[in-house]
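Student: Just to be clear, the model below is a prediction. Sequence and coordinates:
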Amino acid sequence: MKEDLRSLFEEQEKGPVTVSELNSEIRSVLESGFSSVWVEGEITNFHSAASGHWYFSLTDGNSLVKAACFRGQNMRIRFRPENGNAVRVRGKISVYSPRGEYQIIVETLEPVGEGALALAFEQIKAKLQAEGLFDEDLKRPLPAFPRRIGVVTSPTGAAVHDILTVLERRARSVSVVIVPTLVQGELAAGQIAKAIEFVNEYSAEAGDDEKIDVLIVGRGGGSAEDLWAFNEEKVARAIRASEIPVISAVGHEVDFSISDLVADVRAATPSAAAEIVAESEAVLVKRVVSARDSIGRTLDYKLIRLRHRLNEAQRSEVFFRIPQNIRDTRLRIREQIREALDILRRQLDTGSRSARDLTHRLSPARLAANLEKRRGRLDSAAQRSLALARKRLAKAEESLKVRAASLDALSPLAVLTRGFSLARDAEGRIVRDASELAVGARVNVKVHRGSFDADVVSIEEES
């Protein structure tokens, strides 16, 4: 290489060269002699051109060398250089012919001390945070009972298996739509962002039964390099622009990504994301079971109370007194009938004895005539007495019917058969005055067959 440089200045040169030719020859010599160099230094005079190229200088405090990193190369660098960064660059030496300046054409650039991924993470985080993409006000609550869930992940990874396993166990009514995408590598971030946009477009045009309620975006564990796609700015912006609430589930519990910060909910793992989605259904099932048990206990308690009240009613004095009164009345009526028949028999016996006495005292013919006459009278009297007895008997039977009907009318059970009801308050007391109740009070109403509970909606008092 030294020979090549000296040849440029040999005294036996055939003739002078132009400045452009000189710079071109120098560039050829430098590029062939310094085709790959590693240089450490501090960045100064950093400038990002509109074309996307980076221009800066490296210095160690005593010397300075210019450097250029063209757009095709810097797109692969994880962080954005800033003045004052201590870096290590690899590239080749070249000459910028228009000004005759040599510079390093940078191929790779790494921070010294702090890893490139960590530095890039902090830079992206600071940028998005300054734009407000992490604000809590932007985060939306998840739907209480999602029916259809979208999962943006690799279709062959462990994440999709974990999510489906949890949902199968805890929320079988939930359907899952898998949106396949790369989850690592240089193309992964772009595919993930497009997958999120695709799901939103699909859901916006789908019917109510086909809409996606929640979107899980993530993958299983891996190295920081493997998980880097979920730190890319384009993925973060796609998540924030999503109309569907997003759960970020990247890596293991200790892993933290930009997606976690911008998503509506962060899950420590894909399995945890599925549990979050299925939690509402599990809680609902638990509440239903608890409500069922509570209703069962309440019904059992009310049934016991009703049975107790029925037993008390059956033992009540009124239900014993009414039948006894009916039996007593029937006995009195029967006794009166027997007394009337006894009187009739005694009268008949007296008349027969008188007739026999007269037969002995009177002549046979007269006695026969008188006897026949008296017999006629006696028969008439007997007929009248029998008619009177029958009349009294009928009257007694009618009185019995009237008293029995009166007693039946006084019976609470008979009243109930005519459509009336018996109301009791919460303490079991019979309600006789509407003013004794208040709106909202609970009353038990007994009808002819069975009873029911009712709430007082309004009260009307008689003037």
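Tutor: Everything's here; your move.

Student: Identify, by residue count, the longest helix of the protein.
Tutor: In the chain, taking DSSP state H as the definition, the longest helix is helix 364-410.

Student: and that one, what's its mean pLDDT?
Tutor: Taken as a whole, helix 364-410 has a mean pLDDT of 76.

Student: Which neighbouring elements make contact with it?
Tutor: helix 317-361 (3 or more C-beta pairs under 8 Å, 6 or more residues apart in numbering; DSSP states H and E). Any C-beta I mention is one placed from the backbone N, CA and C, and that applies to glycine too.

Student: Show me what the helix it packs on is packed against.
Tutor: By 3+ C-beta pairs under 8 Å, 6+ apart, helix 317-361 packs against helix 364-410.

Student: For the helix or strand harbouring residue 89, buried residues please.
Tutor: Residue 89 belongs to strand 86-96 when assigned by DSSP states H and E. Residues 87, 89, 91, 92, 93, 94, 95 are the ones in strand 86-96 that count as buried (16 or more other C-beta atoms under 10 Å).

Student: any idea how far the longest helix of the chain is from the chain center?
Tutor: 86 Å (C-alpha atoms, centre = their mean, to the nearest Å).

Student: do the same with stretch 441-451
Tutor: 36 Å.

Student: Quick one: end-to-end distance for that stretch.
Tutor: 17 Å (C-alpha to C-alpha, to the nearest Å).

Student: And the contacts of that stretch?
Tutor: With contact meaning C-beta atoms under 8 Å, 6 or more residues apart in numbering, stretch 441-451 is reached by 306, 309, 413, 416-417, 419, 421-426, 428, 431, 437, 452-456.

Student: Next: stretch 16-23.
Tutor: Applying C-beta under 8 Å, 6+ apart, the external contacts of stretch 16-23 come out as 8, 25, 95, 97, 100.

Student: Same list (these) but as a markdown table, adding pLDDT and distance to residue 149.
Tutor: Below are the contacts of stretch 16-23 laid out as a markdown table (pLDDT from 0 to 100; distance: C-beta to C-beta, whole Å):
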| residue | pLDDT | distance to residue 149 |
| --- | --- | --- |
| 8 | 55 | 71 |
| 25 | 78 | 66 |
| 95 | 84 | 59 |
| 97 | 78 | 60 |
| 100 | 79 | 63 |
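
Student: Derive a PyMOL selection command for the buried subset of these.
Tutor: Applied in PyMOL, the following selects the buried portion of the contacts of stretch 16-23 according to 16+ other C-beta under 10 Å:
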select buried, resi 25+95
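
Student: between the contacts of stretch 16-23, which is nearest residue 118?
Tutor: Residue 118 lies nearest to residue 95 out of the contacts of stretch 16-23, by C-beta to C-beta, at 35.4 Å.

Student: Look up how far residue 72 lies from the closest one.
Tutor: As judged by C-beta to C-beta, to the nearest Å, residue 95 and residue 72 stand 20 Å apart.

Student: Identify each buried residue in stretch 158-169, please.
Tutor: 159, 160, 162, 163, 166, 167.

Student: I'd like to know which of the residues you listed are part of strands.
Tutor: Judged by DSSP state E, the subset of these located in strands is empty.

Student: So of these, which two are at opposite extremes in space?
Tutor: In the buried residues of stretch 158-169, two members sit farther apart than any others by C-beta to C-beta. They are 159 and 167, at 12.6 Å.

Student: Apart from its chain neighbours, what residue comes closest to residue 453?
Tutor: In space, and not counting its chain neighbours, residue 453 is closest to residue 444: 5.5 Å by C-beta to C-beta, 6 or more residues apart in numbering.

Student: just to revisit the earlier point, got a markdown table for the buried residues of stretch 158-169, with pLDDT and distance to residue 124 too?
Tutor: As requested, the buried residues of stretch 158-169 are exported to a markdown table (pLDDT from 0 to 100; distance: C-beta to C-beta, whole Å):
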| residue | pLDDT | distance to residue 124 |
| --- | --- | --- |
| 159 | 86 | 23 |
| 160 | 86 | 26 |
| 162 | 87 | 27 |
| 163 | 87 | 27 |
| 166 | 86 | 31 |
| 167 | 83 | 32 |
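
Student: Need those residues in a markdown table (columns: distance to residue 222).
Tutor: Output for the buried residues of stretch 158-169, formatted as a markdown table (distance: C-beta to C-beta, whole Å):
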| residue | distance to residue 222 |
| --- | --- |
| 159 | 11 |
| 160 | 15 |
| 162 | 14 |
| 163 | 17 |
| 166 | 20 |
| 167 | 23 |
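
Student: Relative to residue 239, which of these is nearest.
Tutor: Out of the buried residues of stretch 158-169, the member with the shortest distance to residue 239 (by C-beta to C-beta) is residue 159, at 16.3 Å.

Student: Just the pLDDT for the residue lying closest to that closest one once chain neighbours are set aside.
Tutor: Using C-beta to C-beta, 6+ apart and skipping the chain neighbours, the partner closest in space to residue 159 is residue 270 (3.9 Å). Per-residue confidence (pLDDT) for residue 270: 88.

Student: list the contacts for residue 270?
Tutor: Contacts of residue 270 (C-beta under 8 Å, 6+ apart): 153, 158, 159, 160, 162, 163, 216, 218, 219, 220, 249.

Student: Who are the contact partners of the fifth one?
Tutor: By C-beta under 8 Å, 6+ apart, the residues touching residue 162 are 220, 269, 270, 271, 274.

Student: export those to TSV and tack on secondary structure and distance to residue 398?
Tutor: Output for the contacts of residue 162, formatted as TSV (DSSP: H, G, I helix; E, B strand; the rest coil; distance: C-beta to C-beta, whole Å):
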residue	secondary structure	distance to residue 398
220	coil	98
269	coil	93
270	helix	92
271	helix	89
274	helix	86
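
Student: Buried among those? Need that as a selection in ChimeraX.
Tutor: Of those, the buried ones go into a single ChimeraX selection, burial set by 16+ other C-beta under 10 Å:
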select :220,269,270,271,274
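
Student: and residue 166, how far is that from residue 275?
Tutor: Taking C-beta to C-beta, one finds residue 166 at 6 Å from residue 275.

Student: that older thread, pull out the buried members of the contacts of stretch 441-451.
Tutor: Neighbour counting with 16+ other C-beta under 10 Å marks 422, 423, 425, 431, 437, 456 as buried within these.

Student: out of those residues, which are inside strands?
Tutor: 422, 423.

Student: Closest one of the buried ones among the contacts of stretch 441-451 to residue 207?
Tutor: Out of the buried ones among the contacts of stretch 441-451, the member with the shortest distance to residue 207 (by C-beta to C-beta) is residue 456, at 46.9 Å.

Student: That closest one is in contact with residue 436, isn't it?
Tutor: No. With contact defined as C-beta atoms under 8 Å, residue 456 does not reach residue 436; the gap is 10.5 Å.

Student: one step back: quick check: angle from the longest helix of the chain to helix 317-361?
Tutor: Going by axes from the mean of the first three to the mean of the last three C-alpha atoms, to 10 degrees, helix 364-410 is angled at 180 degrees with respect to helix 317-361.

Student: Show me the shaky parts of the stretch 201-350 of the chain.
Tutor: Scanning the stretch 201-350 of the chain for pLDDT under 70 picks out 279-289, 313-320.

Student: Perfect, I'm done here.
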